[in-house]
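Chemist: Curious how this folds, go ahead:
(2 chains)
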Protein chains: 2
Amino acid sequence: MTVLSDKLVYRFGDGRADGSADMKNLLGGKGANLAEMSRLGLPVPPGFTITTEVCSWYNANGKTYPEGLREEVEAALKEVGEKAGGVFGDPENPLLVSVRSGARVSMPGMMDTVLNLGLNDETVKGLMKRTDDERFAYDSYRRFIQMYGDVVLGVEHHLFEDILEDFKQSKGVELDTELDAADWRDIIGRYKELVEEETGKPFPQDVHEQLWGAITAVFESWNSPRAITYRRLHDIPGDWGTAVNVQSMVFGNMGDDSATGVAFTRNPSTGERKIYGEFLVNAQGEDVVAGIRTPQPLTEEARREAGNPLPSLESLMPEVFRELVDIFHKLEAHYRDMQDVEFTIQNGKLWILQTRAGKRTAKAALKIAVDMVDEGLITREEAVLRIEPSALDQLLHPTIDPAAERHVLATGLPASPGAASGEIVFDSDEAERLNGLGHKVILVRVETSPEDIHGMHAAQGILTTRGGMTSHAAVVARGMGTPCVSGAGTISVDYKAGTMTAGGGVLKAGDWITIDGSTGEVLKGRVPMVQPELSGDFATLMEWADSVRRMKVRTNADTPHDAKTAREFGAEGIGLCRTEHMFFEADRIMAVRQMILAETEEERRRALDRLLPMQRNDFIGIFTEMAGLPVTIRLLDPPLHEFLPQEEADIAELAEVMGVDTDKVRRRVDELHEFNPMLGHRGVRLGITYPEIPEMQARAILEAAIEVKHRSGEAPLVEIMVPLVLARKELDIVAERIHAVAEQVMNEAGERIDYMVGTMIELPRAALMANRIAETAQFFSFGTNDLTQTALGISRDDAAKFLGEYISRGIFETDPFVSIDAEGVGQLVRMGAERGRATREGIKLGVCGEHGGDPASIDFFEDVGLDYVSCSPFRVPIARLAAAQATLRRRAS
Amino acid sequence: MTVLSDKLVYRFGDGRADGSADMKNLLGGKGANLAEMSRLGLPVPPGFTITTEVCSWYNANGKTYPEGLREEVEAALKEVGEKAGGVFGDPENPLLVSVRSGARVSMPGMMDTVLNLGLNDETVKGLMKRTDDERFAYDSYRRFIQMYGDVVLGVEHHLFEDILEDFKQSKGVELDTELDAADWRDIIGRYKELVEEETGKPFPQDVHEQLWGAITAVFESWNSPRAITYRRLHDIPGDWGTAVNVQSMVFGNMGDDSATGVAFTRNPSTGERKIYGEFLVNAQGEDVVAGIRTPQPLTEEARREAGNPLPSLESLMPEVFRELVDIFHKLEAHYRDMQDVEFTIQNGKLWILQTRAGKRTAKAALKIAVDMVDEGLITREEAVLRIEPSALDQLLHPTIDPAAERHVLATGLPASPGAASGEIVFDSDEAERLNGLGHKVILVRVETSPEDIHGMHAAQGILTTRGGMTSHAAVVARGMGTPCVSGAGTISVDYKAGTMTAGGGVLKAGDWITIDGSTGEVLKGRVPMVQPELSGDFATLMEWADSVRRMKVRTNADTPHDAKTAREFGAEGIGLCRTEHMFFEADRIMAVRQMILAETEEERRRALDRLLPMQRNDFIGIFTEMAGLPVTIRLLDPPLHEFLPQEEADIAELAEVMGVDTDKVRRRVDELHEFNPMLGHRGVRLGITYPEIPEMQARAILEAAIEVKHRSGEAPLVEIMVPLVLARKELDIVAERIHAVAEQVMNEAGERIDYMVGTMIELPRAALMANRIAETAQFFSFGTNDLTQTALGISRDDAAKFLGEYISRGIFETDPFVSIDAEGVGQLVRMGAERGRATREGIKLGVCGEHGGDPASIDFFEDVGLDYVSCSPFRVPIARLAAAQATLRRRAS
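Modeler: Residues are numbered from 1 along each chain as shown, chains lettered A, B, ... in the order given. Predicted coordinates for the structure are as follows:
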């Protein structure tokens, strides 16, 4: 439902404005800033903004305009003319305007600018008269026809270019500047013919028709395929809409005392406090972008550093330059952020066309934030809020050199950030072998399974052709901090031939490729990298973040190595230690399989006895790294069939190695087959039917904790976590066993250890029954991956087929496996937390799903009041910052 | 937590009692009735009851007794002695007692009765003196040792029998009656030796030790494996516990003026209002049960009818008989139900030992209920509440002749009620072929898939060796009303050899078997059946039920045939018409497969065009049967891979028939493979990605509705249901398409039809977001099957591996796929209903999961206030009755 405000058009210019900077939602970023600058008294060409609500209304009402809009536009246009000294469509003294789109956030794919609107065969003469420059007037008119024809009327750009090129060729000249007024008039004639041929209608001479054509084109461009794609990729809702900015023209191409330029108030790559920008004399904005002429630096210093022979603005127009620098200071002081400014100088008079917060690298963002605190411009809290947490990824992983050439073979999902190059390997054993010989390899698989863990460890990067952002490959790679591109569906792999087809060519094992896990790109060959560096600004900002943060940040880590990495990144404990990954290690998978193939409890216990010392050693390693911090260990979770081979040949091999009958193995594999393993015999259900498994695990955990206490004098804070619980009774049964084993172990050792037994809340029923479950559970950890899968009824492994369409069509605003579905799944988390607390006051609450490392989700978890989030080691800094921001946002509101 | 009341022991006898009939939960059924009869002034031997709370306390507190219990028992025992004229353990005038278990409901597997407790080497002499009958006294003592030894001390029964047999053989006698007092004394000695040998301790002479041994044995028997199994099968919670009844002995074996017997106040098979029972002169209760002597009929009429030469009680002891008949009338008038009574006559004095509501067949239950209304004993409402809804199954399906011999090959799950015999067939095509030739067949499969539908239709019954109560076979069979046994895991099928191994033997295709879908039994050969008959009492009772029922009862039906059956059973519309079953029909599966293999939307539309007329015809048939009633049609729900073959050979065959490349088919099959198809690309997700599918279906539905309106003048009330919705936006997109198609169809036909577009609430998120979804949805139907699967995270197809253990260990009270998990899943249903109504007042709410036919679930749905339930045709009468009872229970409370 589009609700329309009374006011549809907001005016600005001449030191006043209807709107202001805080009306971005209504006026778009550009419109709000024009209004704000106008209020600040900056020299802004007068104009007006049609609100984003009109766009939404237009799209919701069969592409029609609300009543009253035309009148409001007319009135505003009249006022602009008065301020600028002209009348729209007046043949004597015509007002010319630009028309631009402007959404809340800057968004490629939207309509390009149309300049010089208001020119026609009559008004061009008025312009001529007013400027006393016939060539300028015709040049302006032909530019307008070209832009309008392309952008509004859909006549292909190159057709105009062809006419111009042919004309120049026929005249034997090379540069536009060599054409005179008559030439342009001639070209205008040809342009108009072209438009009539292509559109079947003459080029509009009615200036109002021109204006409404451009306005409509802006609104239509909101739903251009490119805009839609951009929105989907950047999580921008389709109902925001765009505003339209209509503004009187100023000209940077009215001679050598005119110019146009762009500037950042600080360096956007490094963050240094130096003006950074360029300009062109006697040019319009598009000339700067077009790159035909080489722009000149703004400052003398920059000119010297670049060894540029062209004069700087500072030397060329020192007064205008001083005025510009003053304005930059004014803007930074006002917006308290680095600005990206567009300006034009018309006959020596400076006009500011646009200002906005400047885009910057993560490194620059950190430096600018820290510097601005030092400068007293912003507070530490504001500095913390200024950094996009996910941008920190850039600082933590190698990235592809922005200067490098990219030969993109395919694009998949950006599953685990960072870039990596290596030789293609299709097999995990081979990956391990080659890695052992010092090769760098990229493991390429259709999809990975737990049996590929050793190959994934050995690889520099992982590429799969199937599976989403939360596929096995993606989850494990993120945990390891290894770059990964998943679900690159256009690549087809032929294991037998040892080849892959991508981008129309065939690559074979041993060929080099590069993957960019931050963008999803798969590149040919070995592409140069930029290594990450953590600056002092990073440390300073994280310290500020930590000082305000309420929630703790833990890590998901299954190995001492991961635990160590995470501690270095600031993790305050382990929120999820998955024990099943340990079961896949080469030295123990056989014992695991013996356990699974066992036909009696006794046989099973014998196999478990062999696993016990290995599990104990795993935990000793992890506890040692996390001395004094809480460590949550999840008991065995996956269905048992994951530990057995599925292919006939592998089954036969296993049978031979184990010295049992092939049929027996196959039968057990068949018995363990499940239609929906995600909803199958796993988690606590294994602990109920095979109580000897949690018993072994509890013993390994407790013995390890005691051992570490003896060695280091400091015991870990052990939290034993039972997965997939749906009823208190389930937890009772397993918890009773754990406590019994714990008592036994502690009595044997003559040493007591503090430990807790808790549960994951990862099924809707568990959230609903949290009050009962908390009677037994000493802590909760929300498993939001599985909770999302079950609440939404979507298997993340199978979602790829429709999830993209669900997001592009706005059913989900974002991928619910990346950012928690706060309004749906979030209700269950909130319910679980509230009910858990109602039964057990102060019960420790955390989250260990993938969402634990996602800033938007972290904000939600702060709102629910969880005690900690847990995420993969490389996301720990991101989570620390996001948690701090969440705290600050709560304070503010 | 066991909360203990102050009073642990309740006394009765002598026309007074501490307890009464409404204290069944505390005193057990037997104890409450003994108290009640005592209050009524009936001749009940005095005694007392130890409450069920003591049992729970005993089990919860390490098998110990609460403080004060012993004192209360002592005091009660003293009072019993005073009333009965004896002292417990007194060598001169010993009080003898019986000890019996007694739970809330009668429950096999509990401890057997111990009689004559209080006898030892001393008191036996007192008994001798009091009765002046040495033989009787020793016989009583040896009976006591035998029972106590067996039941309390665990000495195997046959060892006592062996001693007795050896003794008789050595004496050369055959009957117990030929043994004299000295013989019994001799045998007592040998019995005591046996007990000491077996238990390592002498037979207890301390009468208090005897008593506490028996009490403990009762409490222990609550957790005997048999009792646990029975509880699991009958949904009896483990924490109810049993009471213990201690009662002074009366003897039916004190000579020819003594007797013992049992009686039903009406005929429990037919319901006729005639006393039905038997007795034995000079015997104890166990002698009637043992079946060594032939019991005699109670009434002269029964004696005549049976042609029994033995005299009736009526003729033998006319005064006692008259007293008994009076008591029967008194009991029926008091309990207002048919009674099952145990009595004993001791030296001409009548004692009533027990009364309880008599078990009866469904037929008898109906007759008794209807008769009692006629007799003015109960109201119509009470009559409606008297019938166990699920017992109606007996009346609707053929059952195995109770007199027939049963050779049980295996026992699976009672998946779809009724019995059937036929030749074994392992293949659905073959089943169809043989059925066409007039053979009766039982389709035997490891499991069935939608491709077996034609074979299931052709079969008399279905037997699977895998899958649970809600497996494909079970669900489809119940829908068809075809008997089915599922998950008979001990049967192994060899498709290749065309044989199955069961019960140690091998059966081959063509051999006859019989399945009993009400018990799960698989029987060898062709077992005689009893055909169902619906009496006038059935019609009367259903009419009374319908007159009070609030909820409507609809049916799940996919064919005109099912729709017709269901209407005959009283269905008031269709709550779920699954369209995918239609897709499997032989004449259309090819078009369906072409649609799935289509590579462009256009190709897909061509295939759908071929399906359209067939779907339309389906709906015409169904609408015709349901003229004037609401019909809810669910759009295509299952993932597409279900329509494609999975085996290599079938894929090749399909490719050949379709004239496409095998690789293409295989590739598509691979593409469609899902890890968790239950959570995959199905339901509304298909409608979003392939909008042409719902468009075709909407067209078929609307065209059919218009056609039926034209033909019959009465249009069906069409409800188009979108499955698996989780967000309003999803429904918006599909509903918009449906409305567009509907407008088009109605314009084409120049005819308007009322129809609604609604959704299933079958995902937790849908329940949580019901307020939003109801903005678009015009009705909700709760799909509690999938809602249970997702809320609990349990795939019903995979649950068999642990669900049994979950129920037996009390994690679930009942199978949540049979009776809705009211405290968990029920919260979501309640939430969905409340939130849906909050947005759209009076929104139509129904349920179409399997729970729609389950009485306990129906009671819950009444509580939530749903408008209707929908169930398979054969469960419609059950649902009607259950819904009526639910209404009445709400009225009462």
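Chemist: number of nearby residues for A:R16?
Modeler: 13 (other Cβ atoms under 10 Å in any protein chain shown). Bear in mind the C-beta positions are built from the backbone N, C-alpha and C, glycine included.
Chemist: so what's it up against?
Modeler: A:38-39 (Cβ atoms under 8 Å, 6 or more residues apart in numbering or on different chains).
Chemist: and it, bridged to which residues?
Modeler: With DSSP bridges as the criterion, A:R16 is bridged to A:G13.
Chemist: cool, and A:I574?
Modeler: A:T555, A:V631.
Chemist: what packs against the longest helix along chain A?
Modeler: As assigned by DSSP state H, the longest helix anywhere in chain A is helix A:601-625. In terms of contacts (3 or more Cβ pairs under 8 Å, 6 or more residues apart in numbering or on different chains; DSSP states H and E), helix A:601-625 is packed against helix A:560-568, helix A:580-583, helix A:589-597, strand A:630-634, helix A:692-712.
Chemist: got the angle between that helix and helix A:589-597?
Modeler: Interaxial angle of helix A:601-625 relative to helix A:589-597 (axes from the mean of the first three to the mean of the last three Cα atoms, to 10 degrees): 140 degrees.
Chemist: And the contacts of helix A:601-625?
Modeler: Residues contacting helix A:601-625 (Cβ under 8 Å, 6+ apart): A:557, A:559-560, A:563-564, A:567, A:574, A:577, A:579, A:582-583, A:585, A:587-588, A:591-592, A:594-595, A:598, A:631, A:633, A:690, A:692-693, A:695-697, A:699-701, A:703-705, A:707-708, A:711-712, A:715-716, A:718.
Chemist: List the buried residues of it.
Modeler: Neighbour counts using 16 or more other Cβ atoms under 10 Å in any protein chain shown place A:604-605, A:607-608, A:611-612, A:614-616, A:618-625 of helix A:601-625 among the buried residues.
Chemist: roughly how far apart are the spatially closest residue to A:K129 that is not a sequence neighbour and A:G86?
Modeler: Excluding its sequence neighbours, the residue lying closest to A:K129 (Cβ to Cβ, 6 or more residues apart in numbering or on different chains) is A:E92, at 7.3 Å. Applying Cβ to Cβ, to the nearest Å, the value for A:E92 to A:G86 is 9 Å.
Chemist: More neighbours: those two, which one.
Modeler: Neighbours were tallied for A:E92 and for A:G86 using other Cβ under 10 Å; the higher tally belongs to A:G86 (23 against 12).
Chemist: Now do the contacts for the more buried one.
Modeler: Taking Cβ under 8 Å, 6+ apart, we find A:G86 in contact with A:93-96, A:248.
Chemist: rerun at 10 Å
Modeler: A:80, A:92-97, A:118, A:123, A:126-127, A:130, A:248-249 (Cβ atoms under 10 Å, 6 or more residues apart in numbering or on different chains).
Chemist: immediately after the helix or strand of chain A with the lowest mean pLDDT, which helix or strand?
Modeler: Least confident helix or strand of chain A, by mean pLDDT, DSSP states H and E, is helix A:285-290 with a mean of 64. Sequence order places strand A:296-297 as the next helix or strand after helix A:285-290, per DSSP states H and E.
Chemist: helices or strands up against that next one?
Modeler: Using 3 or more Cβ pairs under 10 Å, 6 or more residues apart in numbering or on different chains; DSSP states H and E as the contact test, the elements touching strand A:296-297 are strand A:259-264, strand A:276-281, helix A:300-306, helix A:313-316.
Chemist: Tell me the helix or strand right after the last one.
Modeler: So the one you mean is helix A:313-316. Next along from helix A:313-316, by DSSP H and E: helix A:318-335.
Chemist: can you give me the angle the helix or strand following that next one makes with helix A:318-335?
Modeler: Next helix or strand after helix A:318-335 toward the C-terminus (DSSP H and E): strand A:339-346. Following the same axes, to 10 degrees, one obtains 150 degrees for the angle between strand A:339-346 and helix A:318-335.
Chemist: CA atoms only for strand A:339-346, dumped as PDB, please.
Modeler: Extracted as PDB, the C-alpha positions of strand A:339-346 are listed here (Å, rounded to 0.1, in the frame of the first residue of the first chain):
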ATOM      1  CA  GLN A 339      32.500  14.100   1.300                       C
ATOM      2  CA  ASP A 340      32.400  13.300  -2.400                       C
ATOM      3  CA  VAL A 341      31.500  16.600  -4.100                       C
ATOM      4  CA  GLU A 342      30.600  17.600  -7.600                       C
ATOM      5  CA  PHE A 343      31.100  21.200  -8.700                       C
ATOM      6  CA  THR A 344      30.900  23.400 -11.700                       C
ATOM      7  CA  ILE A 345      32.400  26.800 -12.300                       C
ATOM      8  CA  GLN A 346      30.400  29.000 -14.700                       C
END
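Chemist: Of all the residues in that strand, which ones are buried?
Modeler: A:339-346.
Chemist: quick revisit: of the helices and strands packed on helix A:601-625, which shows the lowest average pLDDT?
Modeler: Lowest mean pLDDT of these: helix A:580-583, a mean of 80.
Chemist: what packs against that one?
Modeler: Helix A:580-583 packs on helix A:589-597, helix A:601-625, going by 3+ Cβ pairs under 10 Å, 6+ apart.
Chemist: Show residues contacting it.
Modeler: Around helix A:580-583, the neighbours that count as contacts under Cβ under 10 Å, 6+ apart are A:450, A:453, A:476, A:479, A:558-559, A:562, A:588-589, A:591-593, A:595, A:611, A:614-615, A:617-619, A:622, A:634-638, A:642-643, A:682, A:700.
Chemist: My understanding was that A:D121 contacts A:M128; is that so?
Modeler: No. Applying Cβ atoms under 10 Å as the test, A:D121 and A:M128 come out as separate, 11.7 Å apart.
Chemist: Quick one: neighbours of the residue in the stretch 51-200 of chain A positioned nearest to chain B, just the number.
Modeler: Closest approach between the stretch 51-200 of chain A and chain B, counting by Cβ to the nearest Cβ: A:A60, at 12.8 Å. Using other Cβ under 10 Å, A:A60 is surrounded by 14 other residues.
Chemist: Distance of it relative to A:I378?
Modeler: Separation of A:A60 from A:I378 (Cβ to Cβ): 39 Å.
Chemist: OK, contacts around the closest residue to A:S5 other than its chain neighbours?
Modeler: Leaving aside its sequence neighbours, A:S5 sits nearest to A:E53 (Cβ to Cβ, 6+ apart; 6.0 Å). Going by Cβ under 10 Å, 6+ apart, A:E53 touches A:2-5, A:7-8, A:25-26, A:66, A:241, A:243.
Chemist: Of these, keep whichever come out buried.
Modeler: A:4, A:8, A:25-26, A:241, A:243.
Chemist: Just give me the closest of those to B:L523.
Modeler: Closest approach to B:L523 among these (Cβ to Cβ): A:G241, at 71.4 Å.
Chemist: Same question for the residue nearest to that closest one when sequence neighbours are not counted, what's its three-state structure.
Modeler: Nearest non-adjacent residue to A:G241, counting by Cβ to Cβ, 6+ apart: A:C55, 3.3 Å away. For A:C55, the secondary-structure state derived from DSSP: H, G, I helix; E, B strand; the rest coil is helix.
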